[in-house]
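Peer 1: just to be clear, the model below is a prediction. Sequence and coordinates:
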Amino acid sequence: MIVSFEQQEYRDSLARLEAYSLTLPQIDVPVKHCIHGGMYAREITIPKGVTITGQIYKYDHLEFMIAGDATVATMEGPVRLKGFHTLSGHHGKKRAISAHEDTIWLTVHTSSGTDGDKIQNLITASDFDELEQFYTEQKQIEVN
């Protein structure tokens with residue numbers, strides 16, 4: 001997968017944000033897993049005043065901001081969202097979210113698994129290098 005200059009710039013700024021964030025006190029953001037009918041949903045509540053960076057997803061999925069007020073980093077720049085929103089979660093994307101009020105965020109994925117933590121490990125990459133390796137391996141499987 002070829003990454004554009006804009007994509008690389010966005011990824012670099014997220015990496016800088018994550019590196020800086022690790023120098024600050026950390027909080028636990030519990031995850032609620034729901035698995036049903038070939039779907040996996042992952043829900044988190046981002047407390048007011050907290051900025052998080054999300055995971056890198058290998059597959060397209062749906063995202064919902066159920067409630068709250070947050071600024072979301074996107075390739076096009078920051079966007080402030082309030083209340084309920086439906087978003088397209090594209091493969092290879094990673095977001096940063098800064099909550100102005102407690103914000104409930106939900107992602108929904110197709111899955112045949114039964115363990116939320118294992119599913120999450122299968123559908124995400126730990127970094128963009130792992131994501132590129134995954135795409136390379138998938139192309140090799142499709143070609144053969």
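Peer 2: That came through, no problem. Numbers count the residues shown, from 1 in each chain.

Peer 1: what ranges does this structure have for its helices?
Peer 2: In the chain, the segments counted as helices under DSSP state H are 5-21, 116-123, 128-143.

Peer 1: most neighbours per residue, which of those helices?
Peer 2: Comparing the helices of the chain on average neighbours per residue, with mean count of other Cβ atoms under 10 Å, the densest one is helix 116-123 at a mean of 16. All C-beta atoms are positioned from the backbone trio N, CA, C, and that covers glycine.

Peer 1: hey, C-alpha coordinates of that one in CSV?
Peer 2: Output of helix 116-123 as CSV, limited to C-alpha atoms (Å, rounded to 0.1, in the frame of the first residue of the first chain):
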residue,chain,number,x,y,z
GLY,A,116,-13.7,-9.8,22.5
ASP,A,117,-10.0,-9.3,23.3
LYS,A,118,-8.9,-12.0,20.7
ILE,A,119,-11.2,-10.4,18.1
GLN,A,120,-9.7,-7.0,18.8
ASN,A,121,-6.2,-8.4,18.4
LEU,A,122,-7.2,-9.9,15.0
ILE,A,123,-8.8,-6.8,13.5
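
Peer 1: and the helices of the chain as TSV, adding distance to Ile35 and mean pLDDT?
Peer 2: Below are the helices of the chain laid out as TSV (distance: least, Cβ to Cβ, whole Å; pLDDT from 0 to 100):
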stretch	distance to Ile35	mean pLDDT
helix 5-21	28	88
helix 116-123	6	90
helix 128-143	22	80
